[in-house]
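# Model the structure of this input:
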Amino acid sequence: MTREKAKELLPIIQAFVAGKQIQEAIEGYVGWVDTDEIHFVYEGKKIKHRIKPEPKYRPFKNQE
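Numbering: from 1, shown residues only. Here you go, the predicted structure:
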């Protein structure tokens, strides 16, 4: 692992330790999936990680 890859992965690991939901996407497949474990390779394909985005509050257009 290079220093740049470690810098990229550090926020993911810190969020994982803090109890936030982590998602992963397998290279070549579509979509993000919630995970309880961090994996780096699946059947020889790289896995990308992200912190699951928080839902955004969108009020109704006509609400004051």
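# wait, isn't residue 9 in contact with residue 48?
No. Applying CB atoms under 8 Å as the test, residue 9 and residue 48 come out as separate, 10.5 Å apart. (Each C-beta comes from the backbone N, C-alpha and C, glycine too.)
# Enumerate residues external to the longest strand along the chain that contact any of its residues.
Using DSSP state E, we find that the single longest strand of the chain is strand 45-51. Under the contact criterion CB atoms under 8 Å, 6 or more residues apart in numbering, strand 45-51 has outside partners 9, 11-12, 15, 20-28, 32, 38-41.
# And the helix or strand hosting residue 34, how far out from the chain middle?
Under the criterion DSSP states H and E, the helix or strand holding residue 34 is strand 33-35. Centroid separation for strand 33-35 versus its chain: 8 Å, with CA atoms, centre = their mean, to the nearest Å.
# Which strands border that strand, and is each parallel or antiparallel?
strand 22-26 (antiparallel) (DSSP bridges).
# gap between the partner strand and the chain center?
Centroid separation for strand 22-26 versus its chain: 5 Å, with CA atoms, centre = their mean.
# what does it rub up against?
Residues contacting strand 22-26 (CB under 8 Å, 6+ apart): 12, 15-16, 31-35, 38-39, 42, 45-52.
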